[in-house]
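Student: Here is a sequence together with a model predicted from it:
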Amino acid sequence: MGVLLSPPGCHAGAALSFARPRSGARHSRLGCAETREPPMTTPAAFASLAALMADPARAAMLTALLSGEALTAGELARVAGIGAPAASAHLARLVEGGLVAVHPQGRHRYHRLASAAVAATLEALGGLAGAVAPARRWPHGEAFRSARLCYDHLAGRLGVAVHAGLVGRGWLSPAAGGWSATPRGEAGLAALGIDLAAARQARRFACDCMDWSERRAHLAGGLGREIAACCLARHWLLRLPGEREGDPMARRRLRLTPEGARCLGEALGVGGLDLAA
């Protein structure tokens, strides 16, 4: 996980639109509710929240939920490398602390991050951890650095390249708190199949989110969410199959397909990243 600290609300989009939850599906991708900017907290409340995230098992679970998926207790237990009873106890604490929400669906109970503000906080802490930790080998593989999800939008080299392409092509122009779409951009984004109406329903239409591995901005907000949703729906991007035990970040990895490389290259000049399958 991780981006450097960004303005509050940078990630506060509406519900994820990657897919609607279906009865009996193993994974659901459920949205996080909109939240207002929190008031200033007390030192005791700050310490209590920090303690919730300080446990390695709970940190692994929270990191796995940054994929935008809603996961069962059993799936989160495997990610954290702990047994089912311990996972249930940890999840109960995270729910009580307001970091995780539970969605019953049939016989299953799916867990997701409680809000987009929680996701933004986790990403910011990850960036801070990367900045202050001793230099070490990149731990999650080049695939993770090349293309991944930062909650509900694109990150890594691909996310940075898409953001740069949108600005470089004149599709986005600076606006208060982020970016607005130019007339050329609206036409180009609509031609790609981006749902601009849905993007504008988010708290922020488009804003910068500092990429923790590239140290450059990728695009967050409603537009960032809808671009990611479109790329996944059109199979321009694929989630990497499998589940690497003990690596909660594995669920966030993406692979750019040849068709995705062609379409994004033609539209935004995204190329030369060696990301295609």
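Tutor: In hand now; what should we look at?
Student: Look up the closest residue to the spatially most central residue of the chain, ignoring the ones flanking it.
Tutor: Centroid-nearest residue in the chain: Y151, 1.2 Å away (criterion: Cα atoms, centre = their mean). Distance criterion Cβ to Cβ, 6 or more residues apart in numbering; nearest residue to Y151, sequence neighbours excluded, is A119 at 4.1 Å. Backbone N, C-alpha and C define where each C-beta goes, glycine included.
Student: quick one on the thing from earlier: kindly give the local confidence score, pLDDT, for the residue nearest to the centre of the chain.
Tutor: For Y151, the pLDDT comes out at 82.
Student: Distance check, it against A191.
Tutor: From Y151 across to A191, the span is 26 Å (Cβ to Cβ, to the nearest Å).
Student: before we move on, what about G81?
Tutor: According to Cβ to Cβ, G81 stands 45 Å off from A191.
Student: ok, those two, which is more surrounded?
Tutor: Counting neighbours by other Cβ atoms under 10 Å for G81 and for A191 shows that G81 has the greater number, 15 against 9.
Student: From Y110, how far out is the more buried one?
Tutor: Per Cβ to Cβ, G81 is found 20 Å from Y110.
Student: what about the nearest residue to L238 once chain neighbours are set aside, which SS state?
Tutor: Among residues not flanking L238 along the chain, R255 sits closest, at 4.9 Å (Cβ to Cβ, 6+ apart). Under DSSP: H, G, I helix; E, B strand; the rest coil, the three-state class of R255 is strand.
Student: What of D208?
Tutor: Reducing the assignment to helix, strand or coil with three-state DSSP, the entry for D208 is strand.
Student: where's the closest residue to it other than its chain neighbours relative to W179, distance?
Tutor: Of all residues not flanking D208 in the chain, A217 sits nearest, at 3.9 Å (Cβ to Cβ, 6+ apart). Noted for A217: a distance of 10 Å to W179, by Cβ to Cβ.
Student: Give me the more crowded residue out of those two.
Tutor: Of the pair A217 and W179, W179 is the one with more neighbours under other Cβ under 10 Å, namely 24 against 19.
Student: so what secondary structure elements neighbour whichever helix or strand that one is part of?
Tutor: W179 is located in strand 178-181, with elements delineated by DSSP states H and E. Taking 3 or more Cβ pairs under 8 Å, 6 or more residues apart in numbering; DSSP states H and E as contact, the helices and strands that strand 178-181 lies on are strand 172-175, strand 207-210, helix 221-233.
Student: Any chance of JSON lines for these, columns mean pLDDT?
Tutor: Output for the helices and strands packed on strand 178-181, formatted as JSON lines (pLDDT from 0 to 100):
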{"stretch": "strand 172-175", "mean pLDDT": "92"}
{"stretch": "strand 207-210", "mean pLDDT": "86"}
{"stretch": "helix 221-233", "mean pLDDT": "94"}
